[in-house]
Structures are given as structure tokens and as C-alpha cells.
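# With the sequence up front, the predicted model follows.
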Amino acid sequence: MAENTFTIPLQGRISSDNSAAVEQEIMSKLENYDGKSIVLDASALEYISSAGLRVILRLKKEYPDITVSNVSPEIYEIFDMTGFTEMMNVEKAYRVVSIEGCEEIGKGANGTIYRIDKDNVVKVYNNADALEDIKHEREVAKLALILGIPTAISYDVVKVGDSYGSVFELLNARSFSKILATEPDKMDWCVKEYVDMLKKIHSTLVPEGKLPDQKQTAVGWATFMKDYLPDAEGNKLLDLVNAVPHDDHMLHGDYHTKNLELQNDEVLLIDMDTLAIGHPIFELGSIFNSFVGYSEYDKNLILNFQGFDDVTGRTFWEKSLAAYLDTDDEDRLREVADKARIIGYTRMIRRSIRRKGLESEKGRAEIELWKSELIELLGKYDTLLF
């Protein structure tokens with residue numbers, strides 16, 4: 001437990017036979033209480049009766065901030081049915097899962113997805129204190145499902161090393177990245193399914209206030225960039241982003257081929273914690289990064305991340321953009337791709353700088369490449385709309 005907690009273990013069975021003795025033991029330990037948060041550690045608690053619950057209730061009255069932690073599912077059900085979970089903080093014990101030797105099947109901004117057996121995957125969050133992140137992703141995934149987006153829903157929360165994970169059922173599923181890497185003849189099929197899903201996402205109207213606005217996030221990116229671009233280009237970038245109109249349609253936010261899974265004959269969208277609303281240009285910028293941008297300087301990056309080479313990545317990007325816009329007009333495709341690149345480079349430069357990219361030779365070279373491309377593009381366009 002943390003240093004700012006005073007922990008008292010609960011063990012075995014607590015019933016009318018021994019509740020008085022248990023209470024006396026707890027009170028004797030509290031003689032050394034020094035004002036820290038009190039935690040009753042229930043990891044070894046096998047059973048608790050109403051008499052045991054009354055002991056905890058009396059403690060709660062004297063020490064209002066008391067927590068019962070590491071509660072087994074069976075004991076948690078007792079606390080829940082008797083209303084204790086509404087009166088005080090009762091924390092479930094989490095099943096421990098190991099990802100050692102497991103295949104990585106997906107990766108997003110906030111976590112990595114591993115297959116733990118033939119039927120299940122676990123998303124391990126980067127943030128060690130990830131319970132709120134898990135709650136958020138469950139809520140937005142449920143919203144997406146209600147709105148008609150096929151996705152997997154987490155059915156369990158587990159402990160993975162120092163962090164937490166969400167477990168999903170994905171039977172016999174393969175990511176689109178794996179399909180592209182192992183069955184290149186399915187490129188056009190993957191493009192069609194990928195774009196069909198993307199259009200479904202972008203045509204989905206989201207009720208007000210349910211998802212964050214990606215435009216606000218992008219304004220933050222552009223504001224950050226003002227310190228790293230010449231004044232004219234920095235101001236123009238911010239003006240271009242600010243001029244993008246508000247849009248209540250859904251965006252995935254991290255839409256690449258590792259986040260599309262083929263389960264039997266059904267295509268499922270995963271890694272839903274980046275769901276937002278906004279204009280499609282923000283999504284296209286992220287898509288460009290996934291298949292081209294991040295690996296422009298180092299061609300090995302896309303192979304390490306997606307499992308296929310940079311030629312496959314660029315081909316997939318170009319085919320997908322043409323299918324999304326339903327055109328083979330080269331000028332039109334170049335225009336929209338350039339506008340996506342403006343968003344993409346803005347996001348990548350900011351990300352690299354925040355991750356200390358300016359402190360390494362490779363990082364500086366990447367940033368310089370992306371910045372020169374961005375400055376050139378800002379001289380060509382007066383709107384990001386298409």
C-alpha cells in the first residue's frame with residue numbers, strides 16, 4: 001500500500017462467532033493510527049456476515065474515509081447487495097494476467113493490445129493508474145456500439161504488471177495489418193473494408209457532449225507549434241485550424257490497420273479510447289501519419305509497428321484516400337492529401353518535441369524534415385476544408 005495509508009488486514013471468516021474479537025483487534029491496531037487513510041485489506045477475507053458488516057459500519061462512522069480493498073468477487077457481491085458500495089469505497093481485487101510471450105496485435109496512443117489466448121485479448125494501458133482510462137474507454141465503446149459501430153466490449157479488468165488492462169473477447173481474429181503483411185493479394189479487399197468502416201464512423205452523428213471535440217485538441221497542437229515555426233507560418237497554421245467548422249460526427253482518432261480486426265466474417269473496430277467528434281481532416285491527418293508520416297525519415301518504423309513495409313503503407317494510404325473520396329482525379333487527391341499532411345506534420349512535430357526529439361540527432365533530423373514539408377504546404381493552401 002501507499003505510504004500515506006494505514007493498512008489493516010481482514011482474514012478468514014468474519015461472522016457472529018468472532019466479530020467482537022475482530023473488532024477488538026482492529027481497534028487495538030488503531031491505537032497506533034496517525035491520521036493516514038485507513039485501508040482494510042480484504043485479500044485474505046473468505047466470508048463476511050451481517051455481524052462483520054456491522055463492525056465495518058461502526059468503523060466507517062468513526063473514520064469516514066475508510067476503504068476496503070482487494071475484495072474478491074464473491075465478497076464484493078455481499079458489499080454491493082447490502083449497499084456498502086454506495087456508502088464507502090470498496091475496491092475489487094483484480095485478476096493478474098501475464099503478457100510474457102504474448103503476440104502484440106494492436107497499439108494505440110494509450111496502450112498496447114496482446115492476444116492472451118485463442119479467444120481473448122488484453123489492452124494494457126501505458127498509464128499505471130489506468131482505472132479511469134478503462135472506465136472512459138468502456139463508456140465510449142458502449143456509445144459507439146449503440147450508435148451502430150461494430151466493436152468489442154471489455155468484459156473484465158485485470159492487473160498486468162504495474163498497470164491495468166481490459167480484457168476483450170476476440171475469437172479467431174486477425175488484424176488488417178497481419179492480413180496485409182501475410183496476404184498482399186488482399187490489399188484491395190482490405191482497402192474496401194477499411195474505407196467502408198471509415199465512412200460509417202464519419203457518417204455517425206454523436207449526441208451533444210458525449211465525446212471530446214478533436215478541433216479543440218488540434219488547436220492545442222497548432223498553438224504549441226507557434227514557438228517552433230516562423231511567425232507567418234505559425235499564425236497561418238493556427239488560423240487554418242481555427243477556421244475548420246465544428247462537426248458533431250464521429251472520429252476514431254487512431255484509425256489504422258492494427259485497430260481493425262477480422263473476426264470470422266465480421267470486421268470489428270478496437271482501441272476506442274481516442275473516439276472524438278470533428279471534421280474528417282483531423283482523422284485523415286492521423287491516418288497519413290500511420291502509413292507514411294512516421295516512417296518518412298526511418299523506413300523501418302512502419303515495419304516494426306504495422307508489420308509491413310513502407311511501400312505497402314504508402315500504397316494503402318493512396319488507395320484508401322482515393323476510395324474514401326471516390327475519385328481518381330490526381331489534383332483532387334493531391335489537394336486532400338496535402339491538407340491531411342498539414343495536420344499530420346503538426347501532430348508529429350509536437351509529439352516528437354514533447355518526447356525530447358530535439359535532444360537526439362535522429363529526432364532533430366525528423367523534425368527538420370517534417371517542418372520543411374509543413375512550411376512548404378502552408379504556402380499552398382488557405383483552407384483545410386475539402
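Done, it's in. Numbering: from 1, shown residues only.
# mind listing what I270 touches?
106, 113, 123, 151-152, 168, 170, 259-261 (CB atoms under 8 Å, 6 or more residues apart in numbering). For glycine as for every other residue, the C-beta is placed from the backbone atoms N, C-alpha and C.
# and the two most separated of those residues?
Spatially, the most separated pair among the contacts of I270 is K123 and L260, at 14.9 Å (CB to CB).
# Between those two, which has more neighbouring residues?
Here K123 and L260 are compared on neighbour count by other CB atoms under 10 Å; more neighbours surround K123, at 29 against 25.
# Check which helix or strand the more buried one maps to.
Assigned by DSSP states H and E, K123 falls within strand 120-125.
# now for that strand, which elements pack on it?
Of the remaining helices and strands, those touching strand 120-125 by 3 or more CB pairs under 8 Å, 6 or more residues apart in numbering; DSSP states H and E are strand 103-107, strand 111-115, helix 131-146, strand 156-160, strand 163-169.
# quick one: which of these is nearest N70?
Of all the helices and strands packed on strand 120-125, the one in closest proximity to N70, counting by CB to CB, is strand 156-160 (10.5 Å).
# Can you show me the strands along the stretch 151-300 of the chain?
Across the stretch 151-300 of the chain, reading from the start of the chain, the strands by DSSP state E, counting those that start in this stretch fall at 156-160, 163-169, 173-175, 250-251, 260-263, 266-269, 276-277.
# Please work out which of those strands is packed deepest.
With neighbours defined as mean count of other CB atoms under 10 Å, those peak in mean count at strand 250-251, which reaches a mean of 26.
# what lines up beside it in the sheet?
Using DSSP bridges, the neighbouring strands of strand 250-251 in the sheet come out as strand 276-277 (antiparallel).
# Now do the partner strand: distance to the chain's middle.
14 Å (CA atoms, centre = their mean, to the nearest Å).
# do stretch 294-302 as well
23 Å.
# Could you pull up the mean pLDDT of that stretch?
What stretch 294-302 shows for mean pLDDT is 96.
# which residues sit against it?
With CB under 8 Å, 6+ apart as the contact definition, stretch 294-302 has outside contacts at 291, 305, 308-310, 313, 348, 362, 365-366, 369-370.
# rewinding a little: can you tell me which of the strands of the stretch 151-300 of the chain is nearest to T182?
Between T182 and the strands of the stretch 151-300 of the chain, the tightest spacing by CB to CB is seen for strand 173-175, at 8.6 Å.
# So which other helices or strands are in contact with that closest one?
Packing contacts for strand 173-175, counted by 3+ CB pairs under 8 Å, 6+ apart, involve strand 103-107, strand 260-263.
# closest to K159 out of those strands?
With CB to CB, the closest approach to K159 among those belongs to strand 103-107: 19.0 Å.
# got the domain boundaries for this structure?
Structurally, the chain divides into domains by automatic domain parsing as follows: 5-93, 103-169, 181-378.
# Can you redo those domains as JSON lines, where the extra columns are distance to S175?
As requested, those are arranged in JSON lines below (distance: least, CB to CB, whole Å):
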{"stretch": "domain 5-93", "distance to S175": "31"}
{"stretch": "domain 103-169", "distance to S175": "5"}
{"stretch": "domain 181-378", "distance to S175": "5"}
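# of all those, which lies closest to L385?
Each of the domains of the chain was scored for nearness to L385 using CB to CB, and the closest is domain 181-378 (6.9 Å).
# and that closest one, how far apart are its ends?
Terminal residues of domain 181-378 are spaced 35 Å apart (CA to CA, to the nearest Å).
# Leaving out chain neighbours, which residue sits closest to I201?
Once flanking residues are discounted, I201 sits nearest to M250: 5.1 Å by CB to CB, 6 or more residues apart in numbering.
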